[in-house]
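# Quick one, fold the following:
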Amino acid sequence: MNEEKNPVLPCVPYTEGIKYAGSKLKLLPFILGLARETGCRSVFDAFSGSTRVSQAFAATGYSVTANDCAVYSKVFNTAYLLNKKNPSEYIPLIEHLDSLPPVDGWFTQHYGGCGDTGISCGSDGLKKPWQKKNTMKLDAIRTEIDRLGLDEVTRAVCLSSLMLALDKVDNTIGHFVSYLNNWSARSYGDLKLVVPSLRVNTMENTVLDEDVFSAAENESASSADAAYLDPPYGSNNHKMPPSRIRYRAYYHIWTTICLNDMPSVTGKAGRRADAADKVSPSVFEDFRKTDCGDYVAADALNSLIKKLSNPFIILSYGSSGRINLSSLQDILSSNGKILKAEKINFKKNVMASMKSTNIWAKSAEEKNVEYLFLLRK
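Numbering: from 1, shown residues only. Reported below is the predicted structural model:
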């Protein structure tokens, strides 16, 4: 296996976000580096997730079309990509929301617990993600945001501020499928709203919340110079239920906070009914195989790449994903020319740029590394 010296990587702008499984925060310099090599000026971020990548693209000067079917992703993208105001203009509104008297409401009933005993239980005996003092503030703020009848961007800024603040005082290990037995140290902190680190966007950005195959047909997405793909994926551990990887289940509470629809909840974690195990996962997380013996997820990725009209495609994928390295190589090679392939192992602090992706694909795969590909269609 041939390794090259690390390339000169671009400076990475500051981005914000909630704790998020599969976040590409550490990959940002490599992703931006590949984008720079294409000479592109516009990017379609097809699976924007936590929005770290779309934020970085926009801050670097690209015109961004960001898409994700998750409600909270749309909220974050709207705040960070569509804002045209000086961030200081939001200070009075955020201070008003932060000063509201607490209310014992729906969120407190389902997700708030008492911090006196050290055990993270609510009145129903179940573990909770927040202490009551913070869910009561959440109840008050969330009701007021709706009452004010804000425009879309201002509303997104307020909701982003709220989610970022809640993320700092939670009682989780980064997702909302289960909660810690004993209150985490940070959960004792007080919820405090601040204005997100917004930029005044001078480029024309677009925010979508569609199925990725539909989003690919959007004019701003299809006309972008490059597409960045970071599809969700189920574990390649055949014994692991795919439901445990689904982002809909992991982050159901952010969906509820954005919608404020007070849904029926189920299970010990209080998941939304549409985030329950019986709900089908994304096709990209599907653990099944087709009649031809290929993974459904691999077929979906191949179909998406074929559908995209963007001249360049940047793909990131983890080694723990359902699609193995050899299949990734085959999918990309059948759709164009692989200009660059990189393997990044942060635990070993190693990045290998392969001169021959065929040799790379045949070499032994490592656990928990990230693969990055640059494809010219």
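# Identify each of the strands in the stretch 251-377 of the chain and give its residue range.
265-266, 271-272, 312-318, 337-345, 350-353, 370-376 (DSSP state E, counting those that start in this stretch).
# oh sorry, the question was meant for the stretch 1-150 of the chain
42-45, 63-67, 112-113, 130-131.
# strands paired with the first one, and their directions?
According to DSSP bridges, strand 42-45 has the following sheet partners: strand 63-67 (parallel), strand 226-229 (parallel).
# residue ranges with poor pLDDT in the stretch 201-350 of the chain?
Scanning the stretch 201-350 of the chain for pLDDT under 70 picks out 234-245, 277-281, 286-293, 347-350.
# residue ranges for the helices of it, please.
212-215, 219-222, 247-250, 252-259, 296-307, 325-333 (DSSP state H, counting those that start in this stretch).
# other SSEs contacting the fourth one?
I take that to be helix 252-259. Counting by 3 or more Cβ pairs under 8 Å, 6 or more residues apart in numbering; DSSP states H and E, the packing neighbours recorded for helix 252-259 are helix 71-82, helix 152-167, strand 271-272. Just so you know, the C-beta spots here come from the backbone N, C-alpha and C atoms, and that holds for glycine as well.
# would CSV of those with distance to residue 258 and mean neighbour count be doable?
Formatted as CSV, the helices and strands packed on helix 252-259 follow (distance: least, Cβ to Cβ, whole Å; neighbours: other Cβ atoms under 10 Å):
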stretch, distance to residue 258, mean neighbour count
helix 71-82, 5, 26
helix 152-167, 6, 22
strand 271-272, 12, 21
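# In CSV: these, plus distance to residue 264.
Listed next are the helices and strands packed on helix 252-259 as CSV, based on distance: least, Cβ to Cβ, whole Å:
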stretch, distance to residue 264
helix 71-82, 17
helix 152-167, 22
strand 271-272, 8
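# burial measure for residue 301, as a count.
Neighbourhood size, residue 301 [other Cβ atoms under 10 Å]: 26.
# ok, back up a step: need the helices of the stretch 201-350 of the chain in JSON lines (columns: distance to residue 275).
Formatted as JSON lines, those follow (distance: least, Cβ to Cβ, whole Å):
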{"stretch": "helix 212-215", "distance to residue 275": "19"}
{"stretch": "helix 219-222", "distance to residue 275": "27"}
{"stretch": "helix 247-250", "distance to residue 275": "5"}
{"stretch": "helix 252-259", "distance to residue 275": "4"}
{"stretch": "helix 296-307", "distance to residue 275": "20"}
{"stretch": "helix 325-333", "distance to residue 275": "29"}
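# For residue 65, which of those helices is the nearest?
Relative to residue 65, the nearest member of the helices of the stretch 201-350 of the chain by Cβ to Cβ is helix 219-222, separated by 4.4 Å.
# for the strands paired with strand 42-45, which one ends up most surrounded?
Greatest average neighbour count among the strands paired with strand 42-45 goes to strand 63-67 (a mean of 28), per mean count of other Cβ atoms under 10 Å.
# Averaged pLDDT, that strand. What do you get?
On average, the pLDDT along strand 63-67 is 98.
# sorry, back to before: closest to residue 129 out of the helices of the stretch 201-350 of the chain?
Ranking the helices of the stretch 201-350 of the chain by their distance to residue 129 (criterion: Cβ to Cβ) puts helix 252-259 first, at 6.8 Å.
# got the CA coordinates for that closest one in PDB?
Taking Å, rounded to 0.1, in the frame of the first residue of the first chain, the C-alpha atoms of helix 252-259 are listed here in PDB:
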ATOM      1  CA  HIS A 252     -36.400  12.100  17.700                       C
ATOM      2  CA  ILE A 253     -36.500  14.800  20.400                       C
ATOM      3  CA  TRP A 254     -35.000  17.400  18.100                       C
ATOM      4  CA  THR A 255     -37.700  16.600  15.600                       C
ATOM      5  CA  THR A 256     -40.400  17.100  18.300                       C
ATOM      6  CA  ILE A 257     -38.800  20.400  19.500                       C
ATOM      7  CA  CYS A 258     -38.800  21.800  16.000                       C
ATOM      8  CA  LEU A 259     -42.400  20.700  15.200                       C
END
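# Give me the contact list for stretch 97-108.
Stretch 97-108 has contacts (Cβ atoms under 8 Å, 6 or more residues apart in numbering) with 132-133, 135-145, 158, 161-162, 192-193, 257, 262.
# Buried among the residues you listed? Need that as a selection in ChimeraX.
The following ChimeraX line selects those of the contacts of stretch 97-108 that are buried, judged by 16 or more other Cβ atoms under 10 Å:
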select :132,133,135,136,137,138,139,140,141,142,143,145,158,161,162,193,257
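# ok, back up a step: out of the helices of the stretch 201-350 of the chain, which gets nearest to residue 88?
Closest to residue 88 of these, according to Cβ to Cβ: helix 252-259, at 24.7 Å.
# Tell me how far the nearest residue to residue 50 once chain neighbours are set aside lies from residue 91.
Of all residues not flanking residue 50 in the chain, residue 20 sits nearest, at 3.9 Å (Cβ to Cβ, 6 or more residues apart in numbering). Using Cβ to Cβ, to the nearest Å, residue 20 is found at 27 Å from residue 91.
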